[in-house]
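Chemist: okay, here's the prediction I keep looking at, along with the sequence it came from:
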Amino acid sequence: MEEERHTEAKIGAETGRGSSPRGPGCSLRHFACEQNLLSRPDGSASFLQGDTSVLAGVYGPAEVKVSKEIFNKATLEVILRPKIGLPGVAEKSRERLIRNTCEAVVLGTLHPRTSITVVLQVVSDAGSLLACCLNAACMALVDAGVPMRALFCGVTCALDSDGTLVLDPTSKREKEARAVLTFALDNVERKLLMSSTKGLFSDAELQQCLAAAQAASQHVFRFYRESLQRRYSKS
Amino acid sequence: MSKVRWRNRRAGEERRRRRRAGGKMAAGFKTVEPLEYYRRFLKENCRPDGRELGEFRTTTVNIGSISTADGSALVKLGNTTVICGVKAEFAAPPTDAPDKGYVVPNVDLPPLCSSRFRSGPPGEEAQVASQFIADVIENSQIIQKEDLCISPGKLAWVLYCDLICLDYDGNILDACTFALLAALKNVQLPEVTINGETALAEVNLKKKSYLNIRTHPVATSFAVFDDTLLIVDPTGEEEHLATGTLTIVMDEEGKLCCLHKPGGSGLTGAKLQDCMSRAVTRHKEVKKLMDEVIKSIKPK
(Lines give C-alpha, C1' and ligand atoms only; values in the text may rest on other atoms or scores of the structure.)
Protein backbone atom coordinates (compact mmCIF):
# COMPACT_ATOMS: atom_id res chain seq x y z
CA MET A 1 0.00 0.00 0.00
CA GLU A 2 1.30 3.40 -0.76
CA GLU A 3 2.06 5.47 2.23
CA GLU A 4 0.99 9.03 2.36
CA ARG A 5 4.11 11.06 2.15
CA HIS A 6 4.06 13.45 5.01
CA THR A 7 7.07 15.45 4.12
CA GLU A 8 8.07 17.86 6.74
CA ALA A 9 10.71 20.47 6.52
CA LYS A 10 11.57 22.25 9.70
CA ILE A 11 14.35 24.69 9.03
CA GLY A 12 14.74 27.68 11.25
CA ALA A 13 15.59 31.11 9.96
CA GLU A 14 19.25 31.75 10.47
CA THR A 15 20.14 35.38 10.78
CA GLY A 16 22.94 35.14 13.26
CA ARG A 17 20.73 36.24 16.15
CA GLY A 18 18.53 34.18 18.42
CA SER A 19 14.83 34.17 17.77
CA SER A 20 13.93 35.47 21.23
CA PRO A 21 14.71 37.95 22.67
CA ARG A 22 15.35 39.85 19.51
CA GLY A 23 17.85 42.63 19.30
CA PRO A 24 17.11 45.76 17.31
CA GLY A 25 17.60 45.12 13.66
CA CYS A 26 16.44 42.72 11.03
CA SER A 27 15.74 39.26 12.30
CA LEU A 28 12.82 37.04 11.50
CA ARG A 29 11.19 34.64 13.92
CA HIS A 30 11.70 30.94 13.62
CA PHE A 31 9.60 29.58 10.77
CA ALA A 32 8.51 26.14 9.66
CA CYS A 33 6.41 24.68 6.90
CA GLU A 34 4.63 21.39 6.38
CA GLN A 35 3.18 20.34 3.02
CA ASN A 36 0.69 17.76 1.82
CA LEU A 37 -0.93 17.25 5.20
CA LEU A 38 -4.60 17.27 4.09
CA SER A 39 -5.98 14.49 1.91
CA ARG A 40 -8.92 16.18 0.14
CA PRO A 41 -7.42 19.38 -1.32
CA ASP A 42 -5.14 19.14 -4.33
CA GLY A 43 -2.46 20.96 -2.38
CA SER A 44 -2.09 22.00 1.23
CA ALA A 45 0.47 23.65 3.45
CA SER A 46 0.81 24.82 7.01
CA PHE A 47 3.10 27.76 7.67
CA LEU A 48 4.39 28.73 11.12
CA GLN A 49 6.08 32.03 11.92
CA GLY A 50 6.97 32.12 15.60
CA ASP A 51 3.58 31.46 17.19
CA THR A 52 1.48 32.54 14.22
CA SER A 53 0.18 29.57 12.27
CA VAL A 54 -1.97 29.42 9.13
CA LEU A 55 -3.26 26.35 7.30
CA ALA A 56 -3.89 26.63 3.55
CA GLY A 57 -5.60 24.31 1.09
CA VAL A 58 -5.81 24.67 -2.69
CA TYR A 59 -8.44 23.12 -4.95
CA GLY A 60 -7.81 23.42 -8.63
CA PRO A 61 -7.89 23.75 -11.51
CA ALA A 62 -11.50 22.59 -11.07
CA GLU A 63 -14.98 23.19 -12.45
CA VAL A 64 -16.28 26.75 -12.29
CA LYS A 65 -19.80 28.18 -12.13
CA VAL A 66 -20.90 29.64 -15.43
CA SER A 67 -21.59 33.00 -13.81
CA LYS A 68 -18.01 33.24 -12.56
CA GLU A 69 -16.13 31.80 -15.51
CA ILE A 70 -13.65 33.90 -17.47
CA PHE A 71 -13.22 32.79 -21.06
CA ASN A 72 -9.43 33.06 -21.30
CA LYS A 73 -8.11 32.51 -17.81
CA ALA A 74 -8.64 30.72 -14.53
CA THR A 75 -10.91 32.28 -11.89
CA LEU A 76 -9.05 32.60 -8.61
CA GLU A 77 -10.95 32.59 -5.32
CA VAL A 78 -9.58 33.09 -1.83
CA ILE A 79 -11.48 32.29 1.35
CA LEU A 80 -10.01 33.40 4.66
CA ARG A 81 -11.52 32.07 7.87
CA PRO A 82 -10.59 33.79 11.14
CA LYS A 83 -9.84 31.73 14.23
CA ILE A 84 -12.99 32.84 16.06
CA GLY A 85 -16.18 34.48 14.89
CA LEU A 86 -17.69 34.89 11.45
CA PRO A 87 -15.72 36.43 8.60
CA GLY A 88 -16.36 40.17 8.37
CA VAL A 89 -15.43 43.15 6.23
CA ALA A 90 -11.76 43.04 7.30
CA GLU A 91 -11.48 39.42 6.11
CA LYS A 92 -13.06 40.39 2.76
CA SER A 93 -10.46 43.11 2.37
CA ARG A 94 -7.62 40.67 3.15
CA GLU A 95 -9.08 38.09 0.77
CA ARG A 96 -9.01 40.69 -2.00
CA LEU A 97 -5.34 41.49 -1.25
CA ILE A 98 -4.28 37.82 -1.29
CA ARG A 99 -6.36 37.05 -4.37
CA ASN A 100 -4.90 39.86 -6.43
CA THR A 101 -1.38 38.86 -5.37
CA CYS A 102 -1.99 35.25 -6.45
CA GLU A 103 -3.56 36.43 -9.73
CA ALA A 104 -0.39 38.34 -10.56
CA VAL A 105 1.80 35.23 -10.29
CA VAL A 106 -0.45 32.31 -11.27
CA LEU A 107 -0.41 31.54 -15.01
CA GLY A 108 -4.17 31.56 -15.35
CA THR A 109 -4.14 31.56 -19.14
CA LEU A 110 -2.95 27.93 -19.12
CA HIS A 111 -6.24 26.83 -17.54
CA PRO A 112 -9.08 28.88 -19.03
CA ARG A 113 -12.65 28.46 -17.75
CA THR A 114 -11.51 26.72 -14.57
CA SER A 115 -11.44 27.79 -10.95
CA ILE A 116 -8.57 27.72 -8.48
CA THR A 117 -9.70 28.10 -4.86
CA VAL A 118 -7.35 28.89 -1.99
CA VAL A 119 -8.81 28.34 1.46
CA LEU A 120 -6.92 29.78 4.46
CA GLN A 121 -7.68 28.96 8.08
CA VAL A 122 -6.05 30.97 10.86
CA VAL A 123 -4.91 28.50 13.50
CA SER A 124 -3.21 30.98 15.83
CA ASP A 125 -2.46 34.69 15.55
CA ALA A 126 0.61 36.14 17.26
CA GLY A 127 1.45 38.99 14.90
CA SER A 128 2.30 39.26 11.17
CA LEU A 129 -0.87 37.40 10.21
CA LEU A 130 -1.22 38.66 6.64
CA ALA A 131 2.39 37.79 5.81
CA CYS A 132 1.93 34.29 7.21
CA CYS A 133 -1.26 33.86 5.12
CA LEU A 134 0.64 34.86 1.98
CA ASN A 135 3.45 32.41 2.68
CA ALA A 136 1.02 29.58 3.39
CA ALA A 137 -0.92 30.34 0.19
CA CYS A 138 2.28 30.26 -1.88
CA MET A 139 3.44 26.94 -0.42
CA ALA A 140 -0.01 25.42 -0.94
CA LEU A 141 -0.10 26.56 -4.58
CA VAL A 142 3.31 24.97 -5.12
CA ASP A 143 2.13 21.76 -3.47
CA ALA A 144 -0.92 21.67 -5.74
CA GLY A 145 1.26 22.05 -8.81
CA VAL A 146 -0.47 25.20 -10.08
CA PRO A 147 1.77 26.82 -12.72
CA MET A 148 3.21 30.12 -11.52
CA ARG A 149 5.56 32.64 -13.06
CA ALA A 150 7.23 33.42 -9.73
CA LEU A 151 6.97 32.59 -6.05
CA PHE A 152 5.93 35.25 -3.57
CA CYS A 153 6.41 35.82 0.13
CA GLY A 154 4.98 38.15 2.74
CA VAL A 155 7.08 40.29 5.10
CA THR A 156 5.82 42.56 7.86
CA CYS A 157 7.67 45.63 9.20
CA ALA A 158 6.74 47.63 12.26
CA LEU A 159 7.92 51.17 12.95
CA ASP A 160 8.22 52.30 16.57
CA SER A 161 7.52 55.84 17.71
CA ASP A 162 11.27 56.58 17.66
CA GLY A 163 11.68 55.22 14.14
CA THR A 164 13.27 51.82 14.82
CA LEU A 165 12.37 49.16 12.33
CA VAL A 166 11.37 45.68 13.50
CA LEU A 167 10.75 42.86 11.05
CA ASP A 168 8.16 40.16 11.68
CA PRO A 169 6.70 41.78 14.81
CA THR A 170 4.75 39.96 17.50
CA SER A 171 1.21 41.12 18.23
CA LYS A 172 2.37 43.08 21.28
CA ARG A 173 4.88 45.02 19.19
CA GLU A 174 2.28 45.58 16.48
CA LYS A 175 -0.07 47.20 18.99
CA GLU A 176 2.64 49.48 20.33
CA ALA A 177 4.04 50.40 16.91
CA ARG A 178 3.33 53.68 15.19
CA ALA A 179 3.00 52.01 11.78
CA VAL A 180 2.80 48.43 10.53
CA LEU A 181 3.54 47.71 6.86
CA THR A 182 3.01 44.37 5.13
CA PHE A 183 4.60 43.72 1.73
CA ALA A 184 4.37 40.86 -0.73
CA LEU A 185 7.47 40.45 -2.92
CA ASP A 186 8.17 38.12 -5.82
CA ASN A 187 11.37 36.11 -6.03
CA VAL A 188 12.39 36.96 -9.60
CA GLU A 189 13.15 40.66 -9.23
CA ARG A 190 12.02 41.39 -5.64
CA LYS A 191 9.37 43.73 -6.99
CA LEU A 192 6.56 44.93 -4.78
CA LEU A 193 3.43 42.91 -5.54
CA MET A 194 1.16 43.93 -2.69
CA SER A 195 1.29 46.42 0.13
CA SER A 196 -1.06 47.02 3.04
CA THR A 197 -0.26 49.60 5.69
CA LYS A 198 -1.58 50.78 9.02
CA GLY A 199 -0.59 54.04 10.71
CA LEU A 200 1.33 57.13 9.64
CA PHE A 201 4.81 57.02 8.14
CA SER A 202 6.98 59.15 5.89
CA ASP A 203 8.24 58.50 2.39
CA ALA A 204 11.82 57.87 3.54
CA GLU A 205 10.64 55.35 6.14
CA LEU A 206 8.67 53.56 3.42
CA GLN A 207 11.79 53.13 1.27
CA GLN A 208 13.73 51.95 4.31
CA CYS A 209 11.09 49.34 5.16
CA LEU A 210 10.90 48.20 1.55
CA ALA A 211 14.66 47.69 1.41
CA ALA A 212 14.63 45.76 4.69
CA ALA A 213 11.72 43.63 3.46
CA GLN A 214 13.56 42.83 0.23
CA ALA A 215 16.61 41.70 2.23
CA ALA A 216 14.46 39.57 4.54
CA SER A 217 12.59 37.98 1.65
CA GLN A 218 15.86 36.37 0.57
CA HIS A 219 15.78 34.25 3.72
CA VAL A 220 12.20 33.22 3.11
CA PHE A 221 12.86 32.24 -0.50
CA ARG A 222 15.93 30.27 0.52
CA PHE A 223 13.77 28.46 3.06
CA TYR A 224 11.19 27.66 0.35
CA ARG A 225 13.92 26.25 -1.90
CA GLU A 226 15.51 24.14 0.82
CA SER A 227 12.22 22.74 2.06
CA LEU A 228 11.19 21.75 -1.47
CA GLN A 229 14.59 20.24 -2.16
CA ARG A 230 14.30 18.14 0.99
CA ARG A 231 10.86 17.01 0.00
CA TYR A 232 11.76 15.87 -3.50
CA SER A 233 15.27 14.53 -2.88
CA LYS A 234 15.62 10.78 -3.03
CA SER A 235 17.73 10.33 0.10
CA MET B 1 -33.93 73.80 -54.23
CA SER B 2 -31.13 75.78 -55.95
CA LYS B 3 -28.23 73.83 -57.41
CA VAL B 4 -25.66 75.38 -54.98
CA ARG B 5 -27.66 74.53 -51.89
CA TRP B 6 -28.22 70.98 -53.13
CA ARG B 7 -24.46 70.49 -53.74
CA ASN B 8 -23.59 71.78 -50.19
CA ARG B 9 -26.20 69.48 -48.70
CA ARG B 10 -24.67 66.48 -50.53
CA ALA B 11 -21.14 67.49 -49.41
CA GLY B 12 -22.31 67.77 -45.79
CA GLU B 13 -23.92 64.34 -45.98
CA GLU B 14 -20.76 62.92 -47.52
CA ARG B 15 -18.66 64.33 -44.65
CA ARG B 16 -21.07 63.01 -42.04
CA ARG B 17 -21.11 59.56 -43.63
CA ARG B 18 -17.30 59.41 -43.70
CA ARG B 19 -17.07 60.54 -40.07
CA ARG B 20 -19.63 57.97 -39.01
CA ALA B 21 -17.84 55.22 -40.95
CA GLY B 22 -14.46 56.18 -39.40
CA GLY B 23 -16.07 56.28 -35.94
CA LYS B 24 -17.66 52.90 -36.56
CA MET B 25 -14.29 51.41 -37.51
CA ALA B 26 -12.62 52.74 -34.38
CA ALA B 27 -15.55 51.55 -32.26
CA GLY B 28 -15.33 48.09 -33.87
CA PHE B 29 -11.60 47.87 -33.17
CA LYS B 30 -12.19 48.98 -29.62
CA THR B 31 -14.72 46.19 -29.03
CA VAL B 32 -12.62 43.43 -30.53
CA GLU B 33 -9.18 44.40 -29.25
CA PRO B 34 -9.62 46.83 -26.33
CA LEU B 35 -6.08 46.42 -25.05
CA GLU B 36 -4.47 47.03 -28.45
CA TYR B 37 -6.73 50.05 -29.01
CA TYR B 38 -5.53 51.39 -25.68
CA ARG B 39 -1.88 50.74 -26.38
CA ARG B 40 -2.07 52.85 -29.55
CA PHE B 41 -2.99 55.85 -27.40
CA LEU B 42 -0.46 55.10 -24.68
CA LYS B 43 2.32 55.06 -27.29
CA GLU B 44 1.56 58.71 -27.98
CA ASN B 45 1.56 59.38 -24.21
CA CYS B 46 -2.12 60.24 -24.05
CA ARG B 47 -5.44 58.52 -23.38
CA PRO B 48 -8.68 58.15 -25.40
CA ASP B 49 -10.38 60.96 -23.50
CA GLY B 50 -7.53 63.32 -24.38
CA ARG B 51 -5.84 63.44 -20.98
CA GLU B 52 -2.11 63.18 -20.31
CA LEU B 53 -0.87 60.17 -18.36
CA GLY B 54 -0.49 62.23 -15.19
CA GLU B 55 -3.62 64.34 -15.51
CA PHE B 56 -6.69 64.11 -13.30
CA ARG B 57 -10.24 64.52 -14.55
CA THR B 58 -12.16 67.68 -13.72
CA THR B 59 -12.98 67.62 -10.01
CA THR B 60 -16.08 69.39 -8.71
CA VAL B 61 -17.31 69.51 -5.13
CA ASN B 62 -20.58 70.72 -3.67
CA ILE B 63 -20.94 71.06 0.09
CA GLY B 64 -24.00 71.15 2.30
CA SER B 65 -26.55 70.00 -0.26
CA ILE B 66 -28.40 67.60 2.07
CA SER B 67 -30.26 69.69 4.63
CA THR B 68 -31.38 66.75 6.78
CA ALA B 69 -27.81 65.56 7.36
CA ASP B 70 -25.43 67.19 9.80
CA GLY B 71 -22.82 67.42 7.06
CA SER B 72 -22.78 66.46 3.40
CA ALA B 73 -20.71 66.73 0.26
CA LEU B 74 -21.03 65.71 -3.37
CA VAL B 75 -17.84 65.05 -5.33
CA LYS B 76 -17.56 64.51 -9.09
CA LEU B 77 -14.32 63.22 -10.60
CA GLY B 78 -15.13 63.33 -14.30
CA ASN B 79 -18.16 61.04 -14.44
CA THR B 80 -17.59 59.29 -11.12
CA THR B 81 -20.02 60.78 -8.60
CA VAL B 82 -20.00 60.08 -4.87
CA ILE B 83 -22.20 61.71 -2.26
CA CYS B 84 -21.38 61.58 1.45
CA GLY B 85 -23.84 62.29 4.25
CA VAL B 86 -22.81 62.46 7.91
CA LYS B 87 -25.32 62.01 10.73
CA ALA B 88 -24.35 62.48 14.35
CA GLU B 89 -26.13 60.49 17.05
CA PHE B 90 -25.73 59.77 20.72
CA ALA B 91 -24.26 56.51 21.89
CA ALA B 92 -22.59 54.99 24.91
CA PRO B 93 -18.82 55.02 24.42
CA PRO B 94 -17.10 51.62 24.05
CA THR B 95 -16.11 50.06 27.38
CA ASP B 96 -12.42 49.80 26.47
CA ALA B 97 -12.25 53.51 25.53
CA PRO B 98 -14.76 55.39 27.72
CA ASP B 99 -13.51 58.84 26.74
CA LYS B 100 -13.74 58.39 22.98
CA GLY B 101 -16.54 58.61 20.46
CA TYR B 102 -16.40 56.79 17.15
CA VAL B 103 -16.86 57.16 13.40
CA VAL B 104 -18.68 54.51 11.35
CA PRO B 105 -18.11 54.76 7.59
CA ASN B 106 -20.08 52.79 5.04
CA VAL B 107 -19.61 52.77 1.28
CA ASP B 108 -22.61 51.73 -0.80
CA LEU B 109 -22.34 50.81 -4.47
CA PRO B 110 -25.98 50.50 -5.56
CA PRO B 111 -27.10 48.98 -8.87
CA LEU B 112 -27.83 52.57 -9.96
CA CYS B 113 -24.18 53.40 -10.46
CA SER B 114 -23.11 50.52 -12.67
CA SER B 115 -24.52 47.42 -14.33
CA ARG B 116 -21.95 45.21 -12.59
CA PHE B 117 -23.57 45.62 -9.16
CA ARG B 118 -26.71 43.77 -8.11
CA SER B 119 -29.10 44.67 -5.31
CA GLY B 120 -28.74 42.76 -2.07
CA PRO B 121 -26.00 42.51 0.57
CA PRO B 122 -22.91 44.62 -0.13
CA GLY B 123 -20.60 42.99 -2.65
CA GLU B 124 -16.86 42.58 -2.33
CA GLU B 125 -16.03 45.93 -3.93
CA ALA B 126 -18.24 47.84 -1.48
CA GLN B 127 -16.84 45.99 1.52
CA VAL B 128 -13.25 46.62 0.43
CA ALA B 129 -14.00 50.31 -0.09
CA SER B 130 -15.66 50.55 3.36
CA GLN B 131 -12.65 48.94 4.99
CA PHE B 132 -10.34 51.30 3.09
CA ILE B 133 -12.23 54.39 4.30
CA ALA B 134 -12.25 53.03 7.87
CA ASP B 135 -8.47 52.53 7.65
CA VAL B 136 -7.94 56.06 6.32
CA ILE B 137 -9.97 57.56 9.20
CA GLU B 138 -8.09 55.45 11.73
CA ASN B 139 -4.58 55.96 10.33
CA SER B 140 -4.75 59.65 9.53
CA GLN B 141 -6.36 60.64 12.85
CA ILE B 142 -8.54 63.07 10.92
CA ILE B 143 -10.66 63.60 14.03
CA GLN B 144 -9.43 63.28 17.58
CA LYS B 145 -11.86 60.73 18.99
CA GLU B 146 -11.68 62.45 22.38
CA ASP B 147 -13.35 65.50 20.80
CA LEU B 148 -16.45 63.40 20.24
CA CYS B 149 -16.87 62.53 23.89
CA ILE B 150 -19.55 64.41 25.83
CA SER B 151 -19.51 62.68 29.19
CA PRO B 152 -16.81 60.04 29.79
CA GLY B 153 -18.26 56.58 30.21
CA LYS B 154 -21.85 57.74 29.62
CA LEU B 155 -22.39 59.68 26.43
CA ALA B 156 -20.46 60.28 23.24
CA TRP B 157 -21.12 61.29 19.66
CA VAL B 158 -21.06 58.66 16.95
CA LEU B 159 -20.71 59.90 13.37
CA TYR B 160 -22.34 57.69 10.74
CA CYS B 161 -20.74 58.50 7.38
CA ASP B 162 -22.67 57.08 4.46
CA LEU B 163 -20.97 57.29 1.09
CA ILE B 164 -23.16 56.45 -1.87
CA CYS B 165 -21.85 56.18 -5.39
CA LEU B 166 -24.25 57.61 -7.92
CA ASP B 167 -22.17 56.98 -11.02
CA TYR B 168 -19.27 54.53 -11.26
CA ASP B 169 -16.60 55.43 -13.79
CA GLY B 170 -13.45 54.27 -12.05
CA ASN B 171 -11.33 55.69 -9.21
CA ILE B 172 -13.96 55.27 -6.54
CA LEU B 173 -11.47 55.42 -3.66
CA ASP B 174 -10.21 58.92 -4.49
CA ALA B 175 -13.75 60.26 -4.82
CA CYS B 176 -14.87 58.63 -1.54
CA THR B 177 -11.91 60.00 0.43
CA PHE B 178 -12.48 63.51 -0.91
CA ALA B 179 -16.24 63.34 -0.26
CA LEU B 180 -15.63 62.14 3.31
CA LEU B 181 -13.14 64.94 4.00
CA ALA B 182 -15.45 67.62 2.57
CA ALA B 183 -18.48 66.31 4.46
CA LEU B 184 -16.60 66.15 7.77
CA LYS B 185 -15.48 69.75 7.29
CA ASN B 186 -19.12 70.66 6.82
CA VAL B 187 -20.41 68.89 9.96
CA GLN B 188 -21.76 71.14 12.68
CA LEU B 189 -22.44 69.56 16.06
CA PRO B 190 -24.83 71.24 18.50
CA GLU B 191 -23.70 71.99 22.02
CA VAL B 192 -24.68 69.34 24.56
CA THR B 193 -24.78 69.86 28.31
CA ILE B 194 -25.57 67.26 30.94
CA ASN B 195 -28.16 68.54 33.37
CA GLY B 196 -26.73 67.95 36.87
CA GLU B 197 -30.13 67.22 38.47
CA THR B 198 -31.85 65.01 35.94
CA ALA B 199 -28.62 63.57 34.43
CA LEU B 200 -30.21 63.97 30.99
CA ALA B 201 -28.53 65.49 27.99
CA GLU B 202 -29.78 68.89 26.84
CA VAL B 203 -29.12 69.78 23.25
CA ASN B 204 -28.84 73.43 22.27
CA LEU B 205 -29.59 73.48 18.55
CA LYS B 206 -28.96 77.19 18.29
CA LYS B 207 -25.29 76.91 19.21
CA LYS B 208 -23.43 74.77 16.71
CA SER B 209 -19.72 74.35 16.18
CA TYR B 210 -17.63 72.81 13.45
CA LEU B 211 -15.54 69.69 13.99
CA ASN B 212 -11.84 70.04 14.58
CA ILE B 213 -10.32 68.46 11.46
CA ARG B 214 -6.66 67.86 12.23
CA THR B 215 -5.31 66.50 8.97
CA HIS B 216 -6.46 66.50 5.37
CA PRO B 217 -5.86 63.07 3.83
CA VAL B 218 -6.06 63.07 0.03
CA ALA B 219 -6.03 59.88 -2.04
CA THR B 220 -4.32 59.49 -5.41
CA SER B 221 -4.96 56.35 -7.44
CA PHE B 222 -2.81 54.89 -10.20
CA ALA B 223 -3.34 52.03 -12.64
CA VAL B 224 -0.45 49.88 -13.89
CA PHE B 225 -0.42 48.88 -17.55
CA ASP B 226 1.65 46.10 -19.06
CA ASP B 227 3.75 45.95 -15.88
CA THR B 228 5.54 49.21 -16.71
CA LEU B 229 3.33 52.21 -17.43
CA LEU B 230 1.62 54.12 -14.64
CA ILE B 231 -1.43 56.28 -15.33
CA VAL B 232 -3.22 58.52 -12.86
CA ASP B 233 -6.98 58.55 -12.13
CA PRO B 234 -8.11 55.56 -14.22
CA THR B 235 -11.63 55.53 -15.70
CA GLY B 236 -13.85 52.45 -15.50
CA GLU B 237 -12.55 50.99 -18.78
CA GLU B 238 -8.93 51.67 -17.87
CA GLU B 239 -9.36 49.91 -14.52
CA HIS B 240 -10.75 46.89 -16.31
CA LEU B 241 -7.76 46.69 -18.68
CA ALA B 242 -5.10 47.49 -16.08
CA THR B 243 -2.82 44.81 -14.67
CA GLY B 244 -2.67 46.41 -11.23
CA THR B 245 -3.75 49.41 -9.15
CA LEU B 246 -2.13 51.52 -6.45
CA THR B 247 -3.66 54.08 -4.09
CA ILE B 248 -1.61 56.48 -1.98
CA VAL B 249 -3.23 58.55 0.77
CA MET B 250 -1.14 61.51 1.87
CA ASP B 251 -1.65 64.29 4.37
CA GLU B 252 -0.32 67.82 4.18
CA GLU B 253 3.05 67.12 5.83
CA GLY B 254 3.89 64.52 3.22
CA LYS B 255 3.21 61.65 5.60
CA LEU B 256 1.52 58.59 4.16
CA CYS B 257 -1.67 57.38 5.79
CA CYS B 258 -2.14 54.43 3.52
CA LEU B 259 -0.29 52.67 0.72
CA HIS B 260 -2.92 50.36 -0.74
CA LYS B 261 -1.66 48.08 -3.45
CA PRO B 262 -3.94 45.07 -3.77
CA GLY B 263 -1.73 42.74 -5.81
CA GLY B 264 -1.23 43.19 -9.53
CA SER B 265 2.08 43.61 -11.36
CA GLY B 266 5.20 44.36 -9.40
CA LEU B 267 6.60 47.85 -8.88
CA THR B 268 10.16 48.93 -8.17
CA GLY B 269 11.12 51.45 -5.50
CA ALA B 270 11.89 54.09 -8.15
CA LYS B 271 8.38 53.88 -9.63
CA LEU B 272 6.95 54.30 -6.14
CA GLN B 273 8.96 57.49 -5.76
CA ASP B 274 7.38 58.94 -8.94
CA CYS B 275 3.95 58.10 -7.56
CA MET B 276 4.77 59.87 -4.30
CA SER B 277 5.71 63.11 -6.04
CA ARG B 278 2.49 63.00 -8.08
CA ALA B 279 0.52 62.42 -4.88
CA VAL B 280 2.13 65.51 -3.31
CA THR B 281 1.05 67.75 -6.22
CA ARG B 282 -2.45 66.26 -6.15
CA HIS B 283 -2.71 67.06 -2.44
CA LYS B 284 -1.97 70.71 -3.15
CA GLU B 285 -4.62 70.87 -5.90
CA VAL B 286 -7.28 69.28 -3.71
CA LYS B 287 -6.45 71.45 -0.70
CA LYS B 288 -6.82 74.59 -2.84
CA LEU B 289 -10.21 73.41 -4.10
CA MET B 290 -11.39 72.58 -0.57
CA ASP B 291 -10.36 75.97 0.79
CA GLU B 292 -12.19 77.76 -2.04
CA VAL B 293 -15.37 75.81 -1.38
CA ILE B 294 -15.27 76.33 2.39
CA LYS B 295 -14.78 80.06 1.92
CA SER B 296 -17.71 80.29 -0.46
CA ILE B 297 -20.23 78.81 1.99
CA LYS B 298 -22.42 81.50 3.47
CA PRO B 299 -22.60 81.12 7.27
CA LYS B 300 -26.05 79.93 8.37
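Modeler: Arrived safely.
Chemist: can you find the helix or strand of chain A with the lowest average pLDDT?
Modeler: Here the helix or strand of chain A ranked lowest by mean pLDDT, DSSP states H and E is strand A:8-9, holding a mean of 37.
Chemist: so where's the stretch 1-150 of chain B shaky on pLDDT?
Modeler: By pLDDT under 70, the low-scoring segments of the stretch 1-150 of chain B are B:1-23.
Chemist: ok, chain A next?
Modeler: A:1-26, A:234-235.
Chemist: and with 50 instead?
Modeler: A:1-26 (pLDDT under 50).
Chemist: figure out how far the top helix by length along it is from the centre of its chain.
Modeler: Ordering each helix of chain A by length in residues (DSSP state H) puts helix A:203-232 first. From the chain centre to the centre of helix A:203-232 is a distance of 11 Å (C-alpha atoms, centre = their mean, to the nearest Å).
Chemist: who are the contact partners of the residue positioned nearest the centre of chain B?
Modeler: Residue closest to the average C-alpha location in chain B (C-alpha atoms, centre = their mean): B:Ala175, at 1.0 Å. Applying C-beta atoms under 8 Å, 6 or more residues apart in numbering or on different chains to B:Ala175 gives the contacts B:75-77, B:80-82, B:165. Every residue, glycine included, has its C-beta placed from N, CA and C.
Chemist: picking up where we left off before, which is the next helix or strand following the least confident helix or strand of chain A?
Modeler: Counting by DSSP states H and E, the next helix or strand C-terminal to strand A:8-9 is strand A:31-35.
Chemist: that following strand - contacts with which helices or strands?
Modeler: strand A:8-9, strand A:43-49, helix A:129-144, helix A:203-232 (3 or more C-beta pairs under 8 Å, 6 or more residues apart in numbering or on different chains; DSSP states H and E).
Chemist: any idea which of those is most buried?
Modeler: helix A:129-144 (a mean of 26; mean count of other C-beta atoms under 10 Å in any protein chain shown).
Chemist: what residues does chain A have near chain B?
Modeler: A:89-90, A:92-93, A:95-104, A:181, A:184-186, A:189, A:191-203, A:206-207, A:210-211 (C-beta under 8 Å from any C-beta of the partner chain).
Chemist: gap between the closest residue to A:Pro61 other than its chain neighbours and chain B?
Modeler: Closest residue to A:Pro61 apart from its sequence neighbours, by C-beta to C-beta, 6 or more residues apart in numbering or on different chains: A:Thr114 at 3.7 Å. Distance, A:Thr114 to chain B, by C-beta to the nearest C-beta, to the nearest Å: 20 Å.
Chemist: so who does A:Thr114 touch?
Modeler: Residues counted as contacts of A:Thr114 (C-beta under 8 Å, 6+ apart) are A:60-64, A:74-75.
Chemist: measure it to A:Lys68 for me?
Modeler: The gap separating A:Thr114 from A:Lys68 is 11 Å, by C-beta to C-beta, to the nearest Å.
Chemist: overlap in contacts, the two.
Modeler: A:Thr75.
Chemist: and A:Leu37, that one's in a strand?
Modeler: No. Counting by DSSP: H, G, I helix; E, B strand; the rest coil, A:Leu37 is not part of a strand but coil.
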